[in-house]
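J.: next come a sequence and a model predicted from it.
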Amino acid sequence: MTTSLFIAATGGLFGGIDPWIFGFSFITVAMTLWMGFRSARTSKTASDFFVAGRSVSVGWNASAISGEYLSAASFMGVAGMVMSSGYDALWYPVCYACGYLFLLLFIAGPLRRFGAYTIPDFAEGRFDSPLFRKIAVCFVLFIGFFYTMPQMKGAGTTLAYIFQNITWADGSHGLPYWVGVVVVGAVITLNVALGGMKGITLVQAVQYWIKAFAISVPVFVLMSVYGFYGLHVGANETKAPVVAVAGLAADGTGVSDSASKIERKPLAAKAPKDAAWVSPFGPLTTKAVNAAAAALPAEQRAAYLEEHQRPYSLLYTYSLIIALVCGTAGLPHILVRFYTNPDGVAAKRTTMWVMILIGVFYVFPPIFGVIGRNLMPDLYAGVGSKGTDKVVLELPTLLAAKYGMLGSILSGITCAGAFAAFMSTFSGLLVSMTGALAHDVYGRMLRPKSNPAERMVAFKVAAVLIGAVAITLGCFVEFLEINFMVGQAFAIAAASYFPLLFMSVWWRGMTMKGAATGMLAGGLCALVAAAMTNVSTLALDKGPMGKVFAGFAPLNGFWAQHPLLRILAEQPAIWTVPLALTLMVVVSKATAASVPGDIRMKMLVLHAPEKLGLKQEYIQEYQAGAGH
Amino acid sequence: MSQPTPPRHDAVHSEEFLHTLMRRQLKLSIACALAFMLVLFGLPLANYFAPELMATRIYGFTLAWLVLGVLFFPAVWAISWIFIRRSIWLEEDEVRQVENDRKEN
């Protein structure tokens, strides 16, 4: 009640915007900008800009990697997807976190010892091939753009939520989705162009803690009022039609023994049924088969589902796991952070801390999804920026009915967390993509003789350029689920960078041609497959986007006839990763003569402990020749 | 970073040293990865072949949900903690060996 009075009092200024939500979000944005500007004054050299002077401590670096990694997908998308798809969506947070283990086991240490600014640097250094650098740069940009799209959707959704009650002069309500994308995109682009990487390390480390706070505190409050996590999962067990059992204790705390029930609101028509939602192989993984069954005559459906549903779901699950686990190890903006560790041991310790930090974080978003299903089922009916993706933002407002302002404050906190999420990941991506463009394309290819000052200018121009492209792409994706888009970016990274890094580090017989063939074939196949499912999904939209992509609508008929192909296109990792690995081995064997002559030395630098000082030796040998 | 550059053609540059080095590290990594993949790929199989067991309710969670949503994370932390300890020990051991070799020569 207090809140609405306050809103009414400030109506002229805020026009129906909750001041708490607006305030918390504004503080997060302002703080990010301030920190960026402040560090802009202290980062002077090119090294500061690209890898933060290589002297970031383990604690800071781990927080910064976690801050960068926990994107809009983790913060909003996971909760939204758990709410819309149930159990199967749990694979996302688990594999987002566990993919780091693969990075730690096979890639983190060697990569750091080899010492290069970017992945393209590694690609060139390992194979002595400037051509390969160009190919690697293209992939940094490809994967990067795929991964910026969901961040942009997070931005658009959050701003549309904050300004949902605003009234315009012409009487229309709410903020269009694209405005949020443009505003947030422009702000971050400016920040990166001015501050570079060093500013970003500090900003991202702080943003991890904002996100961790913003996701956990509202969960604890919600659980203490509406019941424990397990109780809410347990509520999804219907034997008879759902009857809302009055279970909240009279004192209003709602914390009661496990015999009492959660007070559920009736599920919307579009919501999946309890059994499908709570058990494995639910709506997410069976979508293709169900669509195929719907196209069959009614009497064949049951038999068809019986035969195909579960095996295809299992396939989908495995493909998803491979994409997420291998994809983590191949994301360019995460890899570049390993170079900011002082040494290989620190790189390993950092990864350990990152796993703990993000593992703790990932327990919370699914809780929002679970509670949201029971208490806010209206979201199932919404589409685009009004659908389940905003459950994290909206769920705390339930408390407003009981505790007034508390609901707004908590919703404000989760909005601030969402801002921290897409701002940090987008700026991290922007830095790595800008680095690739400025350092590789400009500094190495176009103007190798440019001086540091010119390179700094190039960095700023490249940042603005990439920011603009990312914003444009972001405007198109309102109707794709955040988490789904991130999964696809991971699938592309899994089929290109992961095989490249893994094989180059551990197999000395790898040649440039083998690496390039495998990476290109795997990455492009995954890219095409992902794009095909996206355009066919967008064609189903009833709004303006559907008209743009209407030409791809017949594809949906094809998917209905071939559900297996649909699964393999939607989750391509299960065939693209082996394809890339096989091509790498076969082509490398065929071109074995072109293995770099000093491969033994390279391998020593990759694997020998840094205390042996082999790196210096390697650089001294190379200073004359390769233009280091 | 101020270690003196070692002289060329000592044991460090031998084929044998590199081979042992990579094999020991890879063995450790693969052992840890196998432990991890057993859990990761085993869980969908358990869900597939023993759906009733995995649907058992524990504090409201299904067993499948409890494993994936909560218990998975500590298991992975344990694996990575073991890996990091072993791998730092391995590196130190390698440095010790090389230094002993150099003293002998």
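T.: Done, it's in. Numbering: from 1, shown residues only, chains lettered A, B, ... in the order given.

J.: tell me, how many residues neighbour residue 18?
T.: Here I'm looking at chain A. 27 (other Cβ atoms under 10 Å in any protein chain shown). In this view, the C-beta of every residue, glycine as well, is placed from N, C-alpha and C.

J.: that's the other chain; I wanted chain B
T.: Neighbour tally, B:Leu18, other Cβ under 10 Å: 20.

J.: these two touch, right, it and A:Met603?
T.: Yes. If you go by Cβ atoms under 8 Å, B:Leu18 and A:Met603 touch, sitting 5.7 Å apart.

J.: contacting residues for the nearest residue to A:Val595 once chain neighbours are set aside?
T.: Leaving aside its chain neighbours, A:Val595 sits nearest to A:Thr511 (5.6 Å; criterion: Cβ to Cβ, 6 or more residues apart in numbering or on different chains). By Cβ atoms under 8 Å, 6 or more residues apart in numbering or on different chains, the residues touching A:Thr511 are A:127, A:587-588, A:591-592, A:594-595.

J.: can you check A:Tyr442 too?
T.: With Cβ under 8 Å, 6+ apart, A:Tyr442 has these contacts: A:450, A:455, A:458, A:462.

J.: now check the longest helix belonging to chain B, is it near chain A?
T.: Counting residues, the longest helix found in chain B (DSSP state H) is helix B:15-49. Yes. Counting by Cβ under 8 Å from any Cβ of the partner chain, chain A is contacted by helix B:15-49 at B:15, B:18, B:21-22, B:25-26, B:29, B:32-33, B:36, B:40-41, B:44, B:47-48.

J.: which among the residues you listed count as buried?
T.: B:18, B:21-22, B:25-26, B:29, B:32-33, B:36, B:40, B:44, B:47-48 (16 or more other Cβ atoms under 10 Å in any protein chain shown).

J.: check the residues you listed against A:Cys95 and report the nearest one.
T.: The shortest approach to A:Cys95 among those belongs to B:Leu40, at 8.0 Å (Cβ to Cβ).

J.: show the average pLDDT along whichever strand or helix holds A:Thr285.
T.: Here A:Thr285 sits within helix A:283-294, counting by DSSP states H and E. Per-residue pLDDT over helix A:283-294 has a mean of 79.

J.: in chain A, what residue comes closest to chain B?
T.: Residue of chain A nearest chain B, by Cβ to the nearest Cβ: A:Gly234 (2.7 Å).

J.: look up phi and psi at the residue nearest to that residue when sequence neighbours are not counted.
T.: Spatially, and ignoring its direct neighbours in sequence, A:Gly234 is nearest to B:Gly60 (2.7 Å; Cβ to Cβ, 6+ apart). The phi and psi values for B:Gly60, taken as degrees, to the nearest 10, are phi 90, psi -30.

J.: check contacts around B:Gly60.
T.: A:228-235, A:258.

J.: repeat that with 7 Å
T.: By Cβ atoms under 7 Å, 6 or more residues apart in numbering or on different chains, B:Gly60 lies in contact with A:230-231, A:233-234, A:258.

J.: A:Pro396 too?
T.: A:218, A:222, A:407, A:410-411, A:414.

J.: of the contacts of A:Tyr442, which ones also sit close to chain B?
T.: Among the contacts of A:Tyr442, no residue lies close to chain B (Cβ under 7 Å from any Cβ of the partner chain).

J.: scan these and report the most crowded one.
T.: Neighbour-wise, the contacts of A:Tyr442 (other Cβ under 10 Å) top out at A:Ala462, 22 neighbours.

J.: you'd agree it is up against A:Ala438?
T.: Yes. Under the criterion of Cβ atoms under 7 Å, A:Ala462 makes contact with A:Ala438 at 4.4 Å.

J.: quick one: low-confidence parts of the stretch 451-600 of chain A?
T.: A:543-544 (pLDDT under 70).
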